[in-house]
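Student: From the sequence below, what's the structure:
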Amino acid sequence: MFPVGTDPGSSEERSLPGVPTVASDEHALADGGSVPTNVDRDGDLGPIEFTQPAKNASQDVTHGQPDERVGVPDGVALDTPGYGIRNEMNEIETPDEKTWFMELDEAVIQDDRCIQCGTCVASCPSDSIGIGADGLPKLVKMCTGCSLCWDFCPRGGLRYERQWKITGGEDNVSGAGDPITEFSAKVNDEWRENAQDGGVVTSVLIHLLEANEIDGALIATESETDPWKAESFLATTPTELIENAGSFYNQTMALGNLDIARWEHKLPDKPPEELSLALVGTPCEIEGVRALQDFDWDYQSQDACVRAIDYTIALLCTKNFNYQKLIGEQLEAKRGIDPNDIGKLDVLHGKMMVYDRQGEMVLQADVEQFHDAALKGCDECADFSGLCADLAVGSVGSSEAYSSVIVRTEAGMTAWELTAEDLNFHDLEDRSAIGKLQGWDKKKAFDSLERPFDPDAPRFIEYTDHADQYATKTNPHDADH
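Tutor: Purely as a prediction, here's the structure:
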């Protein structure tokens, strides 16, 4: 080893860029080593000089993207290889019984049929599926090919009409189902002014909380940065419920937000198996969680909350929307409505209605004008009236300021009885309106479904069968997908 700044075999000094030159006879030590730069022979630290980095030679970490590759030579491709590389690396054939996230991605997400319910995220036993910035499911770590994300997807392997019969009985297949009872109801409290229609959903949840029937309710809240964009929120107090009363018209990936660690700071200190929650969601979200609860399987971080859901409330729904396409493009860009000025959105009698913060209507247009903003997977849904839920609530069938309430199960009856004495209610005003819209919704679904609609068929659809019916590529992981 030679002293820094000297040439072996020579007493002449040699300068190194950025290193102070020190005479060899002063720098050398008896053992052949050297004194570190900037430290004298007594070990005291002297003035420190830092070499400035060369300009335009490395990545701008302050303003550039962290994953941006710089200085790549011409003709060199550094992109992550496609799934096809597995065939180049080995000759192992994929087992026939395996269905991978890549196949769900190919058949549902890339085919623009995802309804953003989040069931695939909740079902994954390895927490390999997350939620991307676009609100769609994405693979965040290795897929094990367990098939569960495919099996439980209401637009993939879950034959959702079969779930109706399992959850709600034979009569749920025809008409609007055969509920226990139905009402038109509204809340008398002043806070109802900010609620959707009669405010019944919020009132039911408050009464469940106050009766200690639930520890919290997974609902929607407005994004802090994007007006009228819905995000999942666990409300654990009546105040939180009232503050978030009202409806949004985009999905929250609700079942992808059931990680108990995310909400444990709001939940009581008790074993997860003793928790009780309510879930408010669209019919497809209720179908998904009902199916998950039917199987004794570990869904990793989502499992405790999946099992804890004891009350489900479905919002009557014919379609939902992509947030950016509805709010950003259709309302703001095309019609000049500032999202910050919107006080309420409603879809009723085939009309999209927008109100300002003073309650004045600023837009009423046929909802079909917003077809391009709707989630395309909603066209395949025949479950307008929440056939798997304990309660279904909406505006169809009741007069203005009232909510239509359909009680479908004993749990729903418990929730209704806890709430009814504080409601203004009477028998459902127009049951035929719900039946007609349910019939229209089914016809639309039958026209859109590429697979047979069969409530008596097996609950799960094989990927290969689905691929044949939808002309989907099989084994996309074997190609550069």
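Student: Give me the phi and psi for residue 162.
Tutor: Residue 162 adopts backbone torsions of phi -70, psi -40, taken as degrees, to the nearest 10.
Student: Report how many residues lie close to it.
Tutor: Residue 162 has 20 neighbouring residues, counting by other Cβ atoms under 10 Å. The C-beta positions use only the backbone N, C-alpha and C, and glycine is treated the same way.
Student: go on, residue 366?
Tutor: What residue 366 shows, counting by other Cβ under 10 Å, is a neighbour count of 10.
Student: and it, what is it in contact with?
Tutor: By Cβ atoms under 8 Å, 6 or more residues apart in numbering, the residues touching residue 366 are 350, 351, 352.
Student: Please report how far it lies from residue 347.
Tutor: Residue 366 is 11 Å from residue 347, where distance means Cβ to Cβ, to the nearest Å.
Student: And for residue 247?
Tutor: According to Cβ to Cβ, residue 247 stands 9 Å off from residue 347.
Student: hmm, back to that, by pLDDT, give me the weakest of the contacts of residue 366.
Tutor: On pLDDT alone, residue 350 ranks lowest of the contacts of residue 366, at 85.
Student: For the nearest residue to that one once chain neighbours are set aside, which residues are in contact?
Tutor: Counting by Cβ to Cβ, 6 or more residues apart in numbering, the nearest residue to residue 350 once its immediate chain neighbours are dropped is residue 367, at 5.6 Å. For residue 367, the contacting residues are 319, 347, 350, 351, 352, by Cβ under 8 Å, 6+ apart.
Student: Also residue 213?
Tutor: 276, 310, 311, 414, 415, 418.
Student: which stretches of the stretch 51-200 of the chain form helices?
Tutor: For the stretch 51-200 of the chain, helices defined by DSSP state H, counting those that start in this stretch occupy the ranges 85-89, 101-104, 119-123, 148-151, 160-168, 200-210.
Student: so which of those is the most packed in?
Tutor: helix 119-123 (a mean of 29; mean count of other Cβ atoms under 10 Å).
Student: returning to that earlier point: most neighbours among the contacts of residue 366, which one?
Tutor: Using other Cβ under 10 Å as the neighbour criterion, residue 352 leads those with 22 neighbours.
Student: Run me through the strand neighbours of whatever helix or strand that residue lives in, direction for each.
Tutor: Assigned by DSSP states H and E, residue 352 falls within strand 351-356. Next to strand 351-356 in the sheet, as set by DSSP bridges, lie strand 342-348 (antiparallel), strand 361-366 (antiparallel).
Student: What residues of the longest one count as buried?
Tutor: Going by neighbour count (16 or more other Cβ atoms under 10 Å), the buried part of strand 342-348 is 342, 344, 345, 346, 347.
Student: Can you tell me what sits against it?
Tutor: For strand 342-348, contacts defined as Cβ under 8 Å, 6+ apart pick out 196, 227-228, 246-249, 318, 331, 352-359, 367, 395-396.
Student: Let me have the strands paired with strand 351-356 in JSON lines, extended by distance to residue 189 and mean pLDDT.
Tutor: Formatted as JSON lines, the strands paired with strand 351-356 follow (distance: least, Cβ to Cβ, whole Å; pLDDT from 0 to 100):
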{"stretch": "strand 342-348", "distance to residue 189": "18", "mean pLDDT": "88"}
{"stretch": "strand 361-366", "distance to residue 189": "24", "mean pLDDT": "94"}
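Student: got a markdown table for those strands, with distance to residue 178 too?
Tutor: A markdown table is the format used below for these (distance: least, Cβ to Cβ, whole Å):
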| stretch | distance to residue 178 |
| --- | --- |
| strand 342-348 | 25 |
| strand 361-366 | 32 |
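Student: Ok, which of the ones you listed comes nearest residue 281?
Tutor: strand 342-348 (16.6 Å; Cβ to Cβ).
Student: just for the chain, where's the confidence low?
Tutor: In the predicted model, the chain carries pLDDT under 70 at residues 1-37, 53-54, 56-70, 77-97, 175, 192-194, 477-481.
Student: Could you point out the longest helix of it?
Tutor: In the chain, taking DSSP state H as the definition, the longest helix is helix 431-448.
Student: what's that helix in contact with?
Tutor: 175-176, 182, 316, 318, 379-385, 396-397, 404, 406, 428, 453.
Student: Report the buried residues of stretch 180-191.
Tutor: Judged by neighbour count (16+ other Cβ under 10 Å), stretch 180-191 contains these buried residues: 182, 183, 184, 185, 186, 187, 191.
Student: Kindly report the same for stretch 236-245.
Tutor: Using 16+ other Cβ under 10 Å as the test for burial, stretch 236-245 gives 236, 238, 240, 241, 242, 243, 244, 245.
Student: Tell me which of the residues you listed fall in helices.
Tutor: Per DSSP H, helices hold the following members of these: 238, 240, 241, 242, 243.
Student: any idea how far residue 222 is from residue 229?
Tutor: Counting by Cβ to Cβ, the gap from residue 229 to residue 222 is 7 Å.
Student: repeat for residue 137
Tutor: Distance, residue 137 to residue 222, by Cβ to Cβ: 23 Å.
Student: swap in residue 174?
Tutor: According to Cβ to Cβ, residue 174 stands 38 Å off from residue 222.
Student: Next: residue 454.
Tutor: Distance from residue 454 to residue 222, by Cβ to Cβ: 40 Å.
Student: And for residue 250?
Tutor: Residue 250 is 11 Å from residue 222, by Cβ to Cβ.
Student: Find residues that contact each of those two.
Tutor: Taking Cβ under 8 Å, 6+ apart as the contact rule, the neighbours common to residue 250 and residue 222 are 229, 230.
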